[in-house]
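**Student:** The following comprises the amino acid sequence and a computationally predicted model.
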Amino acid sequence: MGAEAEQQQQPGRAGRAADPPAVLGLQVSALIDHVAHVDWSLLDRVPGDRGGSQQVSFEELNHILYEVNALILPSSDGLSPVRTMAGGSVANTIRGLSAGFGISTGIIGARGDDDQGVLFVNNMSFSGVDLTRLRAKKGHTAQCACLVDASGNRTMRPCLSSAVKLQANEFTREDFQGSKWLVVRYAQQNLGQIVEAIRVAKQEGLSVSLDLASFEMVRDYRSQLIALLETGNIDLCFANEDEAREIIGEGLTFDPEEALAFLSKYCKWAVVTLASKGCLAKHGKQVVQVPAIGESNAVDATGAGDLFASGFLYGLVKGLPLEECCKVGACSGGSVIRALGGEVRPENWQWMYKQMHAGGLVPPELKN
């Protein structure tokens with residue numbers, strides 16, 4: 001597509017790190033994001049609801065990317081208006097924890113033996129993510145068109161049907177041993193793998209964080225999601241406002257506190273993010289509300305929830321109080337929306353550290 005490819009080279013590791021990653025991410029299929037600013041007229045021609053996430057075929061993805069070339073909006077930061085990078089909600093969260101917070105992380109999943117798979121490996125390795133649990137398979141790596149309008153809102157069209165993926169019978173206890181958290185994104189098409197990964201992770205003593213993916217996924221597969229929550233194996237759940245509305249089935253009278261209470265029936269920690277209105281979080285009987293940071297400088301909302309999760313999980317790993325976890329999440333979520341795509345640029349990590357310091361939070365100590 002003439003995109004700016006985020007391909008920084010770093011040699012791969014032959015074996016696993018001496019110490020297991022503190023946080024593991026389950027990404028059944030490695031994914032490459034093609035992120036572009038587009039005109040609203042293109043969004044009107046893309047099937048599905050604007051602002052959501054809906055799967056497309058390989059042919060439909062290629063057609064969308066072809067159309068993008070004709071309708072790209074100029075980039076406000078002077079860089080290429082299209083970025084190509086390792087993507088997916090879990091990858092965004094895991095990469096943020098490693099690159100911005102210095103937390104040891106790893107990915108469990110599969111990637112294809114194509115150029116997109118190599119790009120995924122290079123991009124994630126450069127950010128310090130352990131990929132020794134990422135299996136290479138013959139076939140295609142998943143891709144996603146991330147279409148960002150002039151207001152910074154994004155419409156996602158992933159192509160996953162022909163991509164290689166990790167199967168449920170491929171997990172081993174060694175994949176999870178010694179880690180503290182498993183990060184998972186809800187996806188009906190991968191529910192078998194998700195359930196098995198959580199089962200093995202729980203056997204190894206890990207806590208599990210679940211992101212609800214999209215309002216379409218919650219709306220279309222709500223009963224399966226409730227069944228997953230009812231297992232009691234989800235320790236932390238993140239929902240944005242649209243997802244929270246769908247899970248409790250409310251319309252115009254939606255009350256985010258009601259959604260928070262619903263999720264907290266099943267999870268030790270429940271978080272509802274509210275875009276420019278910040279977030280609500282509950283742990284036990286404690287409920288906190290924290291304002292958003294950086295919304296006035298939003299360029300692209302892609303990855304905002306994923307990077308909020310990075311900051312919140314960092315707080316939990318470090319044993320911070322609930323309100324401070326939310327404040328760190330607000331800082332990291334605010335950092336990614338300052339540029340195109342779900343990967344935080346170095347200058348925006350520096351912006352985040354300044355925001356943390358200004359808010360009375362201690363920035364992470366990063367190794368050079």
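**Tutor:** Perfect, I can see it now. Numbering: from 1, shown residues only.
**Student:** just checking, Gly311 touches Ser332?
**Tutor:** Yes. Between Gly311 and Ser332 there is a contact at 3.4 Å, judged by C-beta atoms under 8 Å. Where you see a C-beta, it was placed from the backbone N, CA and C, and this is true even at glycine.
**Student:** More neighbours: which of these two?
**Tutor:** Comparing Gly311 with Ser332 by neighbour count (other C-beta atoms under 10 Å), the higher total belongs to Ser332, at 34 against 30.
**Student:** what's the helix or strand containing that one packed up against?
**Tutor:** Assigned by DSSP states H and E, Ser332 belongs to helix 322-336. Under the contact criterion of 3 or more C-beta pairs under 8 Å, 6 or more residues apart in numbering; DSSP states H and E, helix 322-336 touches helix 89-101, strand 269-273, strand 279-283, strand 286-290, helix 304-317, helix 346-358.
**Student:** Give me the below-cutoff pLDDT ranges for the stretch 101-250 of the chain.
**Tutor:** 250 (pLDDT under 70).
**Student:** which residue ranges form the strands in it?
**Tutor:** Here the stretch 101-250 of the chain has its strands, by DSSP state E, counting those that start in this stretch, at 105-112, 134-137, 142-148, 154-159, 181-185, 207-211, 236-240.
**Student:** What are the buried residues along the helix holding Ser332?
**Tutor:** Under the neighbour-count criterion of 16 or more other C-beta atoms under 10 Å, helix 322-336 has 322, 324-336 buried.
**Student:** And stretch 306-323, by the same measure?
**Tutor:** 306-317, 320, 322.
**Student:** How about stretch 55-73?
**Tutor:** So stretch 55-73, judged by 16+ other C-beta under 10 Å, has buried residues 55-56, 60-61, 64-65, 67-68, 71-72.
**Student:** Give me the contact list for that stretch.
**Tutor:** 1-2, 34, 36-39, 41-42, 45-47, 81-82, 140, 143, 145, 147, 150, 157-162, 189 (C-beta atoms under 8 Å, 6 or more residues apart in numbering).
**Student:** Now that we have those, which of them are buried?
**Tutor:** Buried members of those, counted by 16+ other C-beta under 10 Å: 34, 36-39, 42, 46, 81-82, 140, 143, 145, 147, 157-160.
**Student:** roughly how far apart are the closest residue to Asp49 other than its chain neighbours and Cys326?
**Tutor:** Using C-beta to C-beta, 6 or more residues apart in numbering and skipping residues adjacent in sequence, the residue nearest Asp49 is Glu216, 7.0 Å away. Distance of Glu216 to Cys326, given as C-beta to C-beta, to the nearest Å: 26 Å.
**Student:** hang on, the earlier thing: and the strands of the stretch 101-250 of the chain: which comes nearest Val90?
**Tutor:** Between Val90 and the strands of the stretch 101-250 of the chain, the tightest spacing by C-beta to C-beta is seen for strand 181-185, at 5.3 Å.
**Student:** Could you check how far the residue nearest to the spatial centre of the chain is from Val272?
**Tutor:** Residue closest to the average C-alpha location in the chain (C-alpha atoms, centre = their mean): Ser89, at 2.1 Å. According to C-beta to C-beta, Ser89 stands 16 Å off from Val272.
**Student:** Then Val200?
**Tutor:** Using C-beta to C-beta, one gets 29 Å for the distance from Val200 to Val272.
**Student:** about what we covered before: between Gly311 and Ser332, which contacts overlap?
**Tutor:** With C-beta under 8 Å, 6+ apart as the test, Gly311 and Ser332 both reach 96, 101.
**Student:** Show me the helices in the stretch 151-300 of the chain, by range?
**Tutor:** Using DSSP state H, counting those that start in this stretch, the helices of the stretch 151-300 of the chain run over residues 173-176, 191-203, 215-220, 222-230, 241-248, 256-264.
**Student:** Would you reformat those as JSON lines and include distance to Asn122 and mean neighbour count?
**Tutor:** Formatted as JSON lines, those follow (distance: least, C-beta to C-beta, whole Å; neighbours: other C-beta atoms under 10 Å):
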{"stretch": "helix 173-176", "distance to Asn122": "22", "mean neighbour count": "17"}
{"stretch": "helix 191-203", "distance to Asn122": "25", "mean neighbour count": "18"}
{"stretch": "helix 215-220", "distance to Asn122": "29", "mean neighbour count": "19"}
{"stretch": "helix 222-230", "distance to Asn122": "33", "mean neighbour count": "15"}
{"stretch": "helix 241-248", "distance to Asn122": "32", "mean neighbour count": "22"}
{"stretch": "helix 256-264", "distance to Asn122": "37", "mean neighbour count": "19"}
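**Student:** Would you format those helices as CSV with distance to Val288 included?
**Tutor:** Output for the helices of the stretch 151-300 of the chain, formatted as CSV (distance: least, C-beta to C-beta, whole Å):
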stretch, distance to Val288
helix 173-176, 30
helix 191-203, 27
helix 215-220, 24
helix 222-230, 22
helix 241-248, 16
helix 256-264, 10
